[in-house]
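J.: whatever this is, show me its structure:
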Amino acid sequence: MERWAGRVAVVTGASSGIGAAIAQELVKKGLKVVGLARRVERVEELANSLESASGKLYSLKCDVSKESDVREAFKWVKSNLGGINILVNNAGVCDFNTLTDGPVQKWRNIIDINVLGLSICTKEALEIMNEKGVNDGHIIHINSITGHGTPFNFYMYSASKHAVTALTEGLRRELVKKNSKIRVTSISPGSVLTELGEASGIPKEVLEDFKDNPFLEAKDVADCILYVLGTPPHVQIHELTIKPVGEPM
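T.: Numbering: from 1, shown residues only. Next comes the predicted model:
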């Protein structure tokens, strides 16, 4: 990780859970980290707790479902920090819905954040990397085991994560054609103990079905990010799956 010290990383959905854990670990490794979130005050609190770390956390309000927000955020990164070396697309939502009843707005919200938001952030990051001549950058998508199958009953969420799987491979092929050394990685966790379920409006009785299952901690996923980034520049971890021991799915 030493080669990344002093360089710039952008982490979306950095206000809690996996995103906050990733931002924290990268700052500890000496990176300048821009935490994007709608609940920006939470990122500010985390930044205050990391003042003694070797890196620095910047908080920036951004709703990745809004293209204008994303463009302004990356414009700020370019103007104030000079560029970007790492993008972690972590922002995601798992709104409770069904395919037979909808509601359609919840389907749209999932696609807007999990697929389009991720894609727009990736496009903006790559434009800056290419403009600044960054040929060893890294794009990391926080995927899910549901992006490789259809466990649980959250089929629109699973569909959005299948899209992330396809987008990861698509971007890899595009970068190969351009002779770029920028790497792209999909990280697919199993069950992680975060606020996502409650924040997404999943009914308590549904969450109860999972209460006795084993869970990963958010830091476990953050450690995967450090591992992926720490591999030699000629090594690409294309897909990394992480599950808690004993997970039944």
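
J.: from Val33, how far off is Ile242?
T.: According to C-beta to C-beta, to the nearest Å, Ile242 and Val33 sit 21 Å apart. Every C-beta, even on glycine, is put in place using the N, C-alpha and C of the backbone.

J.: in this structure, what helix or strand scores lowest on average pLDDT?
T.: In the chain, no helix or strand scores lower on mean pLDDT, DSSP states H and E than helix 196-199, which sits at a mean of 63.

J.: most centrally placed residue in this structure?
T.: Centroid-nearest residue in the chain, with C-alpha atoms, centre = their mean: Asn90, separated by 1.6 Å.

J.: number of residues surrounding Thr168?
T.: By other C-beta atoms under 10 Å, 25 other residues sit near Thr168.

J.: for stretch 6-16, how far is the first residue from the last?
T.: 24 Å (C-alpha to C-alpha, to the nearest Å).

J.: give me the buried positions along it.
T.: Neighbour counts over stretch 6-16 (16 or more other C-beta atoms under 10 Å) mark 7-16 as buried.

J.: now do it, average pLDDT.
T.: Summarised as a single mean, pLDDT over stretch 6-16 is 97.

J.: so how far is it off the chain centroid?
T.: 9 Å (C-alpha atoms, centre = their mean, to the nearest Å).

J.: one more: stretch 118-132?
T.: 15 Å.

J.: which parts of stretch 161-170 are buried?
T.: Within stretch 161-170, judged by 16+ other C-beta under 10 Å, the buried ones are 161-165, 167-168.

J.: what's the answer for stretch 221-236, then?
T.: Neighbour-count burial for stretch 221-236 [16+ other C-beta under 10 Å]: 221-222, 224-225, 228-229, 236.

J.: and stretch 82-96, by the same measure?
T.: 83-96.
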